[in-house]
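**Q** this is a predicted model, with the sequence first.
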Amino acid sequence: MSIDTLLIMRHAKSSWNHEGLSDHERPLNKRGIRAARAIGGVLRAKGEIPGTIWSSDSQRTRETVDGLGFDLSGADVGYLPNFYHAPANKTLYVCEERGEPSQGPLMLVGHNPGWEDLFYHFAGMSRRIPTGACAIFKRTRAQKNWLNSESWRLAELLLPRDLER
């Protein structure tokens, strides 16, 4: 069985108001919490609730995943140290090592600049990916390698600022 939906999400807006915390430990700010909730609501309405989530293990990515508001009790959720500030090629390598998940949609949650490059890999276009943005890709060729850019087409790019209106 192959996954038919790929969700690439950059962590929501984080706080810089916590002196003494490392970059890895920074939590979301209020805007980030609202953005994660809004993106989660849109994904739920579209029926795009992840069956598998591979995320950076940073505090802000964990809080982004939690903030989406999904019931993840049956999902395969992995917080991966190798996704923390990973470039796209490293992310693709980690995904290849893990293998195509059996539960979809697959959601990847991480950081820029790697996530903008990952978006470019799958979409074939350069685009600024702000915090909290989530790209929805649909599978076009199940017989091809699941990480091949030709296997996917961009269906939609959800931007938190568009949902706050």
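**A** Yes, it's here.

**Q** do I have it right that C134 meets I39?
**A** Yes. Applying CB atoms under 8 Å as the test, C134 and I39 come out as touching, 5.1 Å apart. All C-beta atoms are positioned from the backbone trio N, CA, C, and that covers glycine.

**Q** anything in contact with each of those two?
**A** Taking CB atoms under 8 Å, 6 or more residues apart in numbering as the criterion, C134 and I39 both touch 9, 158.

**Q** buried set for the longest helix along the chain?
**A** Using DSSP state H, we find that the single longest helix of the chain is helix 30-45. Buried positions in helix 30-45, judged by neighbour count with 16 or more other CB atoms under 10 Å: 31-40, 42-43.

**Q** save these as a markdown table, and put in distance to F122 and pLDDT too.
**A** Output for the buried residues of helix 30-45, formatted as a markdown table (distance: CB to CB, whole Å; pLDDT from 0 to 100):
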| residue | distance to F122 | pLDDT |
| --- | --- | --- |
| R31 | 27 | 94 |
| G32 | 24 | 95 |
| I33 | 27 | 96 |
| R34 | 27 | 95 |
| A35 | 22 | 96 |
| A36 | 22 | 97 |
| R37 | 25 | 96 |
| A38 | 23 | 97 |
| I39 | 18 | 97 |
| G40 | 21 | 97 |
| V42 | 19 | 97 |
| L43 | 17 | 97 |
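
**Q** list just the nearest of these to K144.
**A** L43 (25.1 Å; CB to CB).

**Q** what sits closest to that closest one if chain neighbours are left out?
**A** I49 (6.5 Å; CB to CB, 6 or more residues apart in numbering).

**Q** which ones are touching that neighbour?
**A** 43, 70, 105.

**Q** and what of A38?
**A** Counting by CB under 8 Å, 6+ apart, A38 has contacts 160, 163-164.

**Q** one more pass at 10 Å, please.
**A** 12, 67-69, 132, 158-164 (CB atoms under 10 Å, 6 or more residues apart in numbering).

**Q** got it, and P160?
**A** Per CB under 10 Å, 6+ apart, neighbours of P160: 12-13, 31-32, 34-39, 42, 130-134.

**Q** check A12 too.
**A** Neighbours of A12 in contact, by CB under 10 Å, 6+ apart: 28-29, 31-39, 60-61, 63-65, 67-68, 109, 130-134, 160.

**Q** output the lowest mean pLDDT helix or strand found in the chain.
**A** Every helix and strand in the chain was compared by mean pLDDT, DSSP states H and E; the lowest is helix 160-163, with a mean of 90.

**Q** chain center to that helix, what's the gap?
**A** 16 Å (CA atoms, centre = their mean, to the nearest Å).
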